[in-house]
Structures are given as C-alpha cells and as structure tokens.
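> Need coordinates for the following:
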Amino acid sequence: MPFSNFTNLDFDQIKTSIKDYLRANSNFTDFDFDGSNFSVLIDTLAYNTYITAFNSNMVVNESFLDSATLRENVVSLASNIGYTPRSKTAANAQVTINLTISDDTPTVTLEPGIVCTGDVDNETYTFAITQPITTLTEVDPSDPSQRIAKFENISVFQGNYLETTFTYDGSLDQRFILENSSIDTSKIVVNVKDSSSSGKGTEYTLVNDIISVDSNSKIFLIKEVQDEKYELKFGDGYFGKKLGNSSGEDGNEINVRYITTDGVEGNGAQSFTFSGRATKSNDINANILSSTVSTILKSQNGADIETLDSVKYYSPLIYSSQNRAVTARDYEAIIKKIYPNTESVSVIGGEELDPPEFGTVAISIKPKNGNLVSDFSKNQILSKLKQYSISGINQKIIDLKMLFIELDSNIYYNDSLISTADELKTNVITSLTEYSKSINLNKFGGRLKYSKLLNVIDNTNQAITSNITKIIMRRNLQVSLNQFTQYELCFGNRCYLDPNGFNIKSTGFTILGKSGTLYLSDVPNSDLRTGVLRIIKILTDGSIQNVISSAGSIDYLKGEVNLSTVNISSTEKPNDIIEIQAFPESNDVVGLKDLYVSLDISNSSINMVRDVISSGDEVSGVQFTRDFYSSSYPNGQITRT
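Numbering: from 1, shown residues only. Modelled structure (predicted):
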C-alpha cells in the first residue's frame with residue numbers, strides 16, 4: 001500500500017508517516033519503540049528522505065527566476081533572457097590637475113592608475129583612470145625654466161586600478177575570469193596583441209548585444225560568474241573577431257585594465273590630492289615640482305552591485321523592451337540600466353503635458369542620493385538614450401517635483417504603562433521614520449495609505465490608546481529673486497475647501513515695492529471649485545490686510561495653484577524657497593505623474609496627550625471632552641507655521 005500523503009517534508013512528519021505505514025502494512029513489532037534497533041533504521045530512512053525532499057525543493061525553486069534565492073542562480077536565469085546584472089559603479093568626479101615640471105618637454109601623459117585621493121566622511125578613497133591622458137605643456141609665467149601641464153575637466157573614478165594579462169591557447173574550454181570582485185565593468189579596457197610584439201595592441205570594445213556584430217567586430221562580452229566575479233567572452237570568427245596569431249587575427253595576448261570600487265561609499269568627495277604618475281616621451285617619469293587638483297564636480301553616481309530583487313524585477317522588463325524605448329516600462333528599465341543611481345523614474349508622454357508637447361517624452365528621475373540629477377548626468381543619460389529611442393521622439397529630463405506629506409498628530413497614551421512621554425514620543429517618531437522609507441511612498445505614483453499610517457502609530461506601544469492625525473500637503477516653490485516671474489505649482493490631489501478661505505497657507509516673503517512680510521492665501525469662488533489667490537499681510541493687531549487682492553488663481557479639484565506675475569525680493573526660508581501647504585480632501589494622498597511622494601517626519605508635529613480616561617483620572621469623559629479634545633479638521637491658522 002503506497003503512502004497517501006506526499007506533502008510531509010519535516011523530519012518528524014516523515015518519521016510518523018513511515019511508522020503509520022509499517023503499522024498498517026507489516027507484521028513488524030516494536031518499530032515505534034524509540035530504543036529499538038528498528039527505530040534507528042526508521043530515523044535513518046526519515047533523515048535520508050528529508051534531505052532528498054529538501055534538495056528537490058531547492059532544485060525546483062532555484063530553477064525559476066521568481067523563486068531563486070542564490071545569486072549565481074538568479075544571474076544565470078537572467079542571462080538566459082539576455083540580461084547582465086549591473087556591476088558596482090565607481091563614483092565619478094571631474095577635476096582639473098595642474099602639474100608644474102622641470103622638464104623641457106612639449107607633452108606630458110597622465111598614466112593609467114591611481115591619479116588622486118579624496119576624502120569622504122574622514123575616510124580616504126583612491127581615484128583612478130584606465131586610459132592614458134596626454135596634454136601639451138606651456139611655459140610657467142612665474143618661472144620660464146619650468147613648464148605647466150594642465151589636464152582640464154578629466155573624469156576620475158573611485159577605486160583601485162588593476163591590470164591582468166591572459167594568453168589565449170586556442171582551446172574551446174579556456175575561460176578568462178577576472179579574479180576580483182567589486183569590479184566596475186563599464187571601466188574595463190581590453191587590448192589584444194601578439195605576445196611577441198610591443199605596445200598595448202588593438203583595443204576591443206564591450207558590447208551588450210550582437211545585433212550589429214559581424215566577423216570583423218573587435219568586441220568582448222561580460223558575464224557574471226560565482227562570487228560576483230566576471231568572465232570575459234570573445235568572438236568566434238562569426239560573431240566577433242576570433243583571437244589567435246593566424247593571418248587576419250590580432251594576437252593571443254589579452255591585456256585587461258579595470259577598477260575595483262567601493263561603490264556608493266565613494267560618493268561625496270570634494271577635496272583631492274594628486275598621487276598619480278606623469279610621463280614624458282619614452283615612458284620616462286616627468287619631474288613634478290608641484291601639483292594642484294581643482295574640483296569641478298564632486299564624486300557622485302557611485303552605486304553598489306545590483307540586488308537580487310532588482311535583477312528579478314528588471315530582467316523581464318529589459319527582455320520585453322528588446323533594447324528599444326517605446327513604453328513607459330521600457331524607459332524605466334533602460335534608464336535604470338544606464339544610470340544605476342536611479343531610485344525611481346516617471347515617464348510622461350508629451351500629449352499629457354500642459355500645454356501638450358507632441359513628439360516629446362518627459363522623464364523625471366529620483367536619484368538614490370539627493371533629489372536632483374546634475375546637468376552632467378542629465379546629458380550623459382540623454383546621450384545614452386539615443387541608441388534606444390525611436391527616431392522622431394525627443395526626450396527631456398525635468399527636475400524632480402517633491403510632494404511632501406506632513407503630519408499633525410495628537411497621540412493619546414496611558415501614562416501608567418510608560419516611563420516618560422518623551423521616550424514614547426521618540427519611539428513613535430522612530431516608527432514613522434521607518435514607515436517613511438516604505439516602497440509604497442518613495443516612488444512616483446506612490447500613495448500614502450492613511451489607515452496603515454494610523455496603525456503604525458497605534459502599534460508602536462501598547463500604552464498608545466488612540467491618535468487624531470491630520471494630513472498636510474506641502475510643495476516648495478523655488479522663486480527667482482528680483483525678477484518679474486509667473487509661477488505654477490500643483491499638488492496633484494484635490495484640496496480641502498473651506499468656503500471661508502485660508503485653505504492655502506505659505507511661509508513669508510517680500511515683494512519689490514511692498515513693505516513687510518507677506519503671505520499667500522485664497523478666497524473660494526461661488527462655484528466652490530476654483531478660487532482667487534491673494535497676497536496678505538498680518539498687521540500688529542492681528543488683523544489681515546489685502547496687499548494684492550487678485551494675485552492668481554487656484555483650482556481646488558486639480559490642486560493647481562497659479563501665481564500671476566510678481567517680483568519677489570526675498571523669502572523667509574533659506575535657498576529662495578516659499579513653502580506652500582494645503583490640506584487634502586482625501587487622507588489617502590497619491591503622487592500624480594511626476595510628483596514624488598515623501599513623508600516628511602522632520603517637519604511634522606507629534607504631540608503627546610495624556611489620556612485621562614485610560615489613565616484612571618475620570619470615567620465619565622467630561623474633563624476629556626473639555627480640556628483634551630482634538631479636532632480632526634484643518635486648523636484655522638492664517639499662515640504656515
């Protein structure tokens with residue numbers, strides 16, 4: 001009689017199943033007595049079955065991209081659909097290096113290798129180049145016996161410079177594996193030459209696909225193997241030029257120069273010290289008298305190796321895009337590939353813009369470090385996108401628009417269950433800070449789920465009895481000082497409408513020709529859908545003076561604020577910012593299109609309120625409703641505080 005239950009995978013369950021089988025289908029006795037010899041045989045059989053079941057389960061799981069857990073298996077499955085996971089990316093800085101030398105030579109070459117060091121958070125990191133850079137020298141004006149070699153706007157990459165040489169032996173099973181992890185594969189430089197010749201030889205180019213490759217293409221490919229190391233693949237004479245010393249072949253010696261990097265840790269270096277090697281003709285070291293390194297752009301865009309979750313998510317997207325940018329999903333996958341520092345991407349067709357821009361794709365990128373993509377990175381991204389985009393479609397990268405969500409929360413607690421209210425408040429802020437990092441929020445199209453937010457607060461500590469939490473939306477308006485300018489700002493969500501006005505609140509600013517600190521406010525129209533934006537002043541007696549009664553318009557349903565032409569001369573907040581807030585009509589706030597939702601705990605108000613009912617001070621609730629009442633509706637303040 002066969003087993004009827006094949007789902008038992010635990011050792012004890014398997015052992016019980018074997019005993020049940022023997023009990024019903026044999027004449028053996030004492031097999032269920034733990035001290036018997038038969039029991040030892042049952043344990044051995046159960047153990048063997050358990051190991052076999054575990055291995056079978058692992059084999060099945062590791063055979064599919066969604067369920068695989070080992071990196072080498074995930075990478076192998078992704079490679080089956082033509083996806084190579086991103087390696088670590090070296091932080092890139094732009095610098096100008098001036099070398100004063102005593103040699104009378106017309107040119108100086110900065111040799112591949114470490115060229116300077118930079119500091120990040122009191123840690124010193126090395127920065128290198130993989131290709132030689134040659135520049136003309138000029139006479140030092142202060143001393144004609146010296147010359148100056150200026151290397152302007154060169155890119156240096158964080159990491160250690162390494163060089164490896166392979167000799168091709170013609171065998172089919174020969175592998176070219178770089179025996180280092182943490183390699184930035186985009187910085188690998190490969191040269192092929194005959195072992196008997198001098199010089200570096202012919203340079204080969206890294207490719208990601210073989211669409212335009214023929215038998216004469218001098219290319220190589222990269223594959224990630226075990227322990228996050230990389231293997232180089234060369235052509236076979238049909239797809240890519242074949243290695244070897246035969247006629248028409250470039251040689252059998254492979255020279256590989258590459259950088260091992262610390263990835264994201266190298267970001268932020270601003271001060272550099274020269275530590276490289278400069279040569280004159282015939283590879284003779286130049287006599288360097290002094291050196292200076294000027295920073296053009298601090299180190300940025302360093303990234304760690306692609307995570308398993310990212311490989312599982314993006315490899316099918318890259319495969320479906322077929323290396324062309326057509327849909328929003330295509331752009332999302334390709335931009336993540338060419339700009340590893342991407343945290344989230346929003347892609348909007350030009351027909352959805354206001355006004356429409358047909359034939360244009362607007363791209364907004366949230367980098368992992370900071371809120372803005374530098375102009376240098378924008379140009380690089382757009383340049384690399386050209387090889388994927390369809391002819392006739394233009395791309396433009398627009399700056400990130402942050403929709404900040406703030407909380408105004410009164411949290412009631414039973415003081416008999418805690419030591420201090422400040423400690424409980426700290427725990428609540430910690431819980432909210434962790435929730436603010438949720439993937440549901442930190443992305444374009446993110447959504448603040450109000451009920452889950454309340455649960456985060458309530459579940460922080462058993463002493464919390466309830467909370468009354470109000471949601472505030474905030475946008476930062478970047479103004480152009482001392483210029484007549486119009487401004488448009490969108491919350492992307494319906495705004496709460498009080499017919500009496502003061503739905504829009506702002507921080508203070510000044511206007512050319514108007515005295516005192518001014519604020520934005522609003523007056524709803526009779527349709528209760530739109531309103532008039534006005535600029536007001538708070539007098540010393542607390543009354544309100546209309547400085548400009550019609551300064552723009554507001555659409556409460558669309559959450560759009562339009563400020564007419566105005567010359568703002570200063571702002572109360574630093575960096576020429578005016579903070580503008582509104583209350584959402586729905587507490588579930590969504591980041592629409594190019595709005596990136598961010599839960600701002602640092603600017604939230606967390607108030608701890610002693611629950612007099614739960615604490616045992618009273619049972620009727622009279623004192624509670626009189627002295628500890630919290631409104632669930634927006635406050636009546638006139639300005640943003």
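> in what helix or strand does the closest residue to Lys425 other than its chain neighbours lie?
Nearest residue to Lys425, sequence neighbours excluded (Cβ to Cβ, 6 or more residues apart in numbering): Met608, at 5.1 Å. Where you see a C-beta, it was placed from the backbone N, CA and C, and this is true even at glycine. Counting by DSSP states H and E, the secondary-structure element that holds Met608 is strand 605-610.
> Tell me which residues are up against that strand.
Strand 605-610 is contacted by residues 406-413, 415, 421-422, 424-425, 428-429, 432, 628, 630 when judged by Cβ atoms under 8 Å, 6 or more residues apart in numbering.
> and what of stretch 307-320?
Stretch 307-320 is touched from outside by 65-66, 69, 71, 74-75, 78, 81-83, 85-86, 306, 329-330, 332-334, 336-337, with contacts defined as Cβ under 8 Å, 6+ apart.
> Among the residues you listed, the buried ones, what's the PyMOL command?
To isolate in PyMOL the members of the contacts of stretch 307-320 that are buried, counting by 16 or more other Cβ atoms under 10 Å, one can use:
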select buried, resi 65+71+74+75+78+83+85+86+306+330+332+333+334+336+337
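> Of the contacts of stretch 307-320, which belong to helices?
Those of the contacts of stretch 307-320 mapping onto helices are Arg71, Val74, Val75, Ala78, Arg329, Asp330, Glu332, Ala333, Ile334, Lys336, Lys337, per DSSP state H.
> Please tell me the pLDDT value assigned to the closest residue to the fourth one other than its chain neighbours.
Just to be clear, that refers to Ala78. Using Cβ to Cβ, 6+ apart and skipping residues adjacent in sequence, the residue nearest Ala78 is Ser315, 4.1 Å away. The predicted local distance difference test score for Ser315 is 85.
> For Ser315, pull up the helix or strand it's in.
For Ser315, the element it lies in under DSSP H and E is helix 308-321.
> Just the angle for that helix relative to helix 328-338, thanks.
An angle of 120 degrees separates the directions of helix 308-321 and helix 328-338 when computed by axes from the mean of the first three to the mean of the last three Cα atoms, to 10 degrees.
> Tell me the buried residues in helix 308-321?
Neighbour-count burial for helix 308-321 [16+ other Cβ under 10 Å]: Leu308, Val311, Lys312, Tyr314, Ser315, Pro316, Leu317, Ile318, Ser321.
> can I get the CA coordinates of that helix in PDB?
What follows is helix 308-321, C-alpha atoms only, in PDB (Å, rounded to 0.1, in the frame of the first residue of the first chain):
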ATOM      1  CA  LEU A 308      18.700  40.100  -6.500                       C
ATOM      2  CA  ASP A 309      15.300  41.800  -6.200                       C
ATOM      3  CA  SER A 310      16.300  44.300  -8.800                       C
ATOM      4  CA  VAL A 311      17.600  41.600 -11.200                       C
ATOM      5  CA  LYS A 312      14.300  39.700 -10.800                       C
ATOM      6  CA  TYR A 313      12.300  42.800 -11.500                       C
ATOM      7  CA  TYR A 314      14.200  44.500 -14.300                       C
ATOM      8  CA  SER A 315      15.500  41.500 -16.300                       C
ATOM      9  CA  PRO A 316      12.000  40.600 -17.700                       C
ATOM     10  CA  LEU A 317      11.400  44.400 -18.400                       C
ATOM     11  CA  ILE A 318      14.700  44.600 -20.300                       C
ATOM     12  CA  TYR A 319      13.800  41.500 -22.200                       C
ATOM     13  CA  SER A 320      10.300  42.800 -23.100                       C
ATOM     14  CA  SER A 321      11.700  46.200 -24.200                       C
END
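> relative to helix 71-79, how tilted is it?
Inter-element angle recorded for helix 308-321 and helix 71-79: 10 degrees (by the same axes, to 10 degrees).
> mind listing what the strand holding Met608 pairs with, with the direction of each?
Applying DSSP bridges, strand 605-610 is found paired with strand 401-413 (parallel).
> Contacts for stretch 235-249, please.
168, 170, 192, 194, 210, 213-220, 234, 250-252, 254.
> in the stretch 401-550 of the chain, which spans are helices?
421-436, 450-458 (DSSP state H, counting those that start in this stretch).
> which helices and strands does the longest one pack with?
Contacting helix 421-436 under the criterion 3 or more Cβ pairs under 8 Å, 6 or more residues apart in numbering; DSSP states H and E are the following elements: strand 401-413, helix 450-458, strand 595-599, strand 605-610.
> what's the offset of that helix from the middle of its chain?
Relative to the mean C-alpha coordinate of its chain, helix 421-436 is positioned 25 Å out (Cα atoms, centre = their mean, to the nearest Å).
> can you give me the angle it makes with strand 605-610?
Using the same axes, to 10 degrees: helix 421-436 against strand 605-610 is 140 degrees.
> Just the buried positions in helix 421-436, please.
Applying 16+ other Cβ under 10 Å to helix 421-436 flags Ala421, Leu424, Lys425, Val428, Ser431, Leu432, Tyr435, Ser436 as buried.
> Then stretch 154-168?
Buried residues in stretch 154-168, counting neighbours by 16+ other Cβ under 10 Å, are found at Ile154, Val156, Phe157, Gln158, Gly159, Asn160, Tyr161, Leu162, Phe166, Tyr168.
> repeat for stretch 121-134
Buried positions in stretch 121-134, judged by neighbour count with 16+ other Cβ under 10 Å: Tyr125, Thr126, Phe127, Ala128, Ile129, Thr130, Ile133.
> Chain neighbours aside, what residue packs nearest to the second one?
Distances taken as Cβ to Cβ, 6+ apart place Ile114 nearest to Thr126, at 4.8 Å, with adjacent residues excluded.
> tell me the contacts of Val561?
With contact taken as Cβ under 8 Å, 6+ apart, Val561 is in contact with Glu488, Leu489, Cys490, Phe491, Ile504, Leu533, Gly552, Ser553, Ile554, Ile580.
> Are any of those buried, and if so which?
Buried subset of the contacts of Val561 (neighbour count, 16+ other Cβ under 10 Å): Leu489, Cys490, Phe491, Ile504, Leu533, Gly552, Ser553, Ile554, Ile580.
> returning to that earlier point: show me which of the contacts of Val561 is closest to Lys449.
Phe491 (17.8 Å; Cβ to Cβ).
> That closest one reaches Gln581, doesn't it?
No. Assessed by Cβ atoms under 8 Å, Phe491 is found out of contact with Gln581, at 9.3 Å.
> all strands for the stretch 251-400 of the chain, in order.
Taking DSSP state E, counting those that start in this stretch, the strands of the stretch 251-400 of the chain run over residues 253-260, 272-274, 278-279, 288-300, 342-349, 360-367, 394-398.
> closest to Ser480 out of those?
strand 394-398 (17.2 Å).
> How far off centre is the closest one?
Using Cα atoms, centre = their mean, the distance from the centre of strand 394-398 to the centre of the chain it belongs to is 19 Å.
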